[in-house]
Every structure is written in structure tokens, then in C-alpha cells.
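[1] here's a sequence, model it:
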Amino acid sequence: MPANDLDFLLRGVVLGFSIAAPVGPIGVLCIRRTLAQGRLVGLVSGLGAATADALYGSIAAFGLTLLATFLVSQQFWLRLVGGLFLIFLGVRTFLAKPAAMPTAEASNSPAHTAWLGAYFSTLLLTLTNPLTILSFAAIFSGLGVASQAGDWFSGLLIVLGVFLGSALWWLLLSGGVSLFQSRLAPGALTWINRLSGVILFGFGWLALSAM
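    Purely as a prediction, here's the structure:
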């Protein structure tokens, strides 16, 4: 790969990692799901967010102005959906009764339905924040990607890098959290569920109050 192309890819990786790293509602979900359902469910949850980051990154990279403008103009409804969904997840998590701690085999082999639910829930939550497009557009412009009209390959490389960087963060987070899974005392997951539920409910309430 030419040095210039590698540079775009690495910039995307750094960008994706830095956007994913701050702990928000997706991070709370990833941590809680890793502890309750195993490392792979936590990782798949993060990959849903990484996919949304890549989608919004592609909109910014390829100058899809009309689509970006439309999504930003619909932020009221998107915030409403995202906020209500976070509140729903918060209540459900708070009331959830933890099952027995998953074994190593169960942690690494969750049901496909759990994977799909984990993936699409975080994909939806991340997509309901269209202002992310504006952040990507500003950053991509600073990186000199948005100004290179017609340079689709450079755009693809940096979007791929965004996905890989975001996915790397979720891999590290779910892997690190899983190390503490076997050390949880009996009943600890109940309090983790309650704390996670309160935090998710709070994020949802903040999203609705900002409308």
C-alpha cells in the first residue's frame, strides 16, 4: 500500500478510536453486556456503534450534503427515538434479574439472537445522533479528505480506518472488562444492572430534555 494511502487509513483509525473511546451510553451497555452475557456480546454491541460511525463517516467523506442536511433537520425525531429507547433500556436493565454467571464456553458462544439484538440496538442508538455527521464533516475537512472531490479511494480508506479504530476500542474494552467477569461476587451483577440502568435512563432523559 502506498505511503499516502496508508496515511489516510491510519488517520481514520486514530479518528475512529478517539470518537469511540469516551464512555457514554454505548460504553455502559458494552460493559454491562460483557459482564452479564460474555465478551463476544459486549464486542458485538460495540461493533454496532462502529458500523454507525463508519456510515456517518462515509456521508462526510463523500460529501453527501443533502443526506447529511436531511438527517440533521430530523434531529428532533431522532433524539426522541434515541432518548425513549435509552430510557426503555435503562428501565429494562434496572429490573433485569441476573442469571448465573456465564461459563467460559457460554461467554464465547452466545446465541445468534443475542448477537443480533446487541448489534442492532447499539447501531440504532448511534444513528439517532445525526450531529455526529457535523463532527465528521469538520474533522474530515481538516484532514483534507472532504476537499478532494472525486477521490473515492482515499475516502474509502479513511472510512475503513474509522471502522477499524472504533472496533479496536470495543475489542479492548470488552476484552478488558471480561477479565473481571470471574471475579464478581455473588449478587454483584444485580447492582451492576441497577447502576447501568440508572445511567442509561439518565442519558435518555438528557437526550429528551435537550430537544
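
[2] now the element after the lowest-mean-pLDDT helix or strand in the chain, going C-ward?
    Every helix and strand of the chain was ranked by mean pLDDT, DSSP states H and E. The lowest is helix 104-108, at a mean of 45. Moving toward the C-terminus from helix 104-108, the next helix or strand (DSSP states H and E) is helix 112-127.

[3] I'd say residue 198 and residue 94 touch.
    Yes: with contact defined as CB atoms under 8 Å, residue 198 counts as touching residue 94 (6.6 Å). The way it works is simple: take the backbone N, C-alpha and C, and place the C-beta from them, glycine included.

[4] now do the buried residues in the longest helix seen in the chain.
    Using DSSP state H to define each element, the chain has its longest helix at helix 152-178. Buried residues in helix 152-178, counted by 16 or more other CB atoms under 10 Å: 154-171, 173-174, 177-178.

[5] how far away is the residue nearest the centre of the chain from residue 192?
    Closest residue to the average C-alpha location of the chain: residue 49 at 2.5 Å, with CA atoms, centre = their mean. As judged by CB to CB, to the nearest Å, residue 49 and residue 192 stand 20 Å apart.

[6] so where do the strands sit in this protein?
    With strands called from DSSP state E, the chain shows none.

[7] show me what contacts the residue lying closest to residue 177 once chain neighbours are set aside?
    Leaving aside its sequence neighbours, residue 177 sits nearest to residue 34 (CB to CB, 6 or more residues apart in numbering; 4.4 Å). Neighbouring residues of residue 34 by CB atoms under 8 Å, 6 or more residues apart in numbering: 41-43, 173-174, 177-178, 181.

[8] rewinding a little: what is the longest helix of the chain packed up against?
    Contacting helix 152-178 under the criterion 3 or more CB pairs under 8 Å, 6 or more residues apart in numbering; DSSP states H and E are the following elements: helix 3-20, helix 25-37, helix 39-61.

[9] who wins for proximity to residue 86 among these?
    helix 25-37 (5.8 Å; CB to CB).

[10] rounded mean pLDDT for that closest one, please.
    The pLDDT scores in helix 25-37 average 88.

[11] now that helix, how far from the chain's geometric center?
    Distance of helix 25-37 from its chain centroid, counting by CA atoms, centre = their mean, to the nearest Å, is 11 Å.

[12] in CSV, could you pull the C-alpha coordinates for that helix?
    C-alpha atoms of helix 25-37 as CSV (Å, rounded to 0.1, in the frame of the first residue of the first chain):
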residue,chain,number,x,y,z
PRO,A,25,-24.4,5.1,26.9
ILE,A,26,-22.9,2.7,24.3
GLY,A,27,-19.9,2.2,26.6
VAL,A,28,-22.2,1.5,29.6
LEU,A,29,-24.1,-1.0,27.5
CYS,A,30,-21.0,-2.7,26.3
ILE,A,31,-19.6,-3.1,29.8
ARG,A,32,-22.8,-4.3,31.3
ARG,A,33,-23.4,-6.8,28.5
THR,A,34,-19.8,-8.1,28.7
LEU,A,35,-20.3,-8.8,32.4
ALA,A,36,-23.7,-10.3,32.0
GLN,A,37,-23.5,-12.1,28.7
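
[13] what about stretch 171-184, start to end distance?
    21 Å (CA to CA, to the nearest Å).

[14] now residue 172: how far from residue 166?
    Taken as CB to CB, the span from residue 172 to residue 166 is 11 Å.
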